[in-house]
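Undergrad: Return a 3D structure for these sequence lines:
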Amino acid sequence: MIREKLAKGTLPKENCRMTWYGFGTGGMCTACEQPIEPSEVEVDCDLGPGGVLRLHQRCHELWMREWRSD
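TA: The predicted structure follows:
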């Protein structure tokens, strides 16, 4: 799903300006479109004018690896 979103441009190919880690808030993960539960780690990635991505920690790791390997 992450590769597909990168190809379509719905996930950006850029570094976060700031990254925050914390407990999930129940919001939807931008990558997998599943809720980030309070028992999971949520990563908030500030892209500046591009907005903020909310991701599961694993989705964040996969997203970073995939776009950097292109």
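
Undergrad: can you give me the strands for the chain?
TA: Assigned by DSSP state E, the chain shows strands spanning 18-23, 41-46, 52-56.

Undergrad: Which strands and helices lie in contact with the longest helix along the chain?
TA: Across the chain, the longest stretch assigned as helix under DSSP state H is helix 57-69. Contacts defined by 3 or more CB pairs under 8 Å, 6 or more residues apart in numbering; DSSP states H and E place helix 57-69 against helix 2-8, strand 41-46, strand 52-56. For every residue, glycine as well, the C-beta is placed using N, CA and C.

Undergrad: Point out where this protein drops to low pLDDT.
TA: 70 (pLDDT under 70).

Undergrad: Pick out the residue nearest the middle of it.
TA: L55 (3.6 Å; CA atoms, centre = their mean).

Undergrad: picking up where we left off before, among the helices and strands packed on helix 57-69, which comes closest to R65?
TA: helix 2-8 (9.1 Å; CB to CB).

Undergrad: that older thread, ok, and which of the strands of the chain has the densest surroundings?
TA: The highest average neighbour count among those, using mean count of other CB atoms under 10 Å, belongs to strand 52-56 at a mean of 21.

Undergrad: Adjacent strands (with direction) for that strand?
TA: strand 41-46 (antiparallel) (DSSP bridges).

Undergrad: hang on, the earlier thing: if we compare the helices and strands packed on helix 57-69, which one ends up closest to T19?
TA: Once the helices and strands packed on helix 57-69 are compared by CB to CB, strand 41-46 is nearest, at 5.5 Å.

Undergrad: just to revisit the earlier point, now distance to E66 too, for the strands of the chain, in TSV please.
TA: Listed next are the strands of the chain as TSV, based on distance: least, CB to CB, whole Å:
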stretch	distance to E66
strand 18-23	17
strand 41-46	14
strand 52-56	12
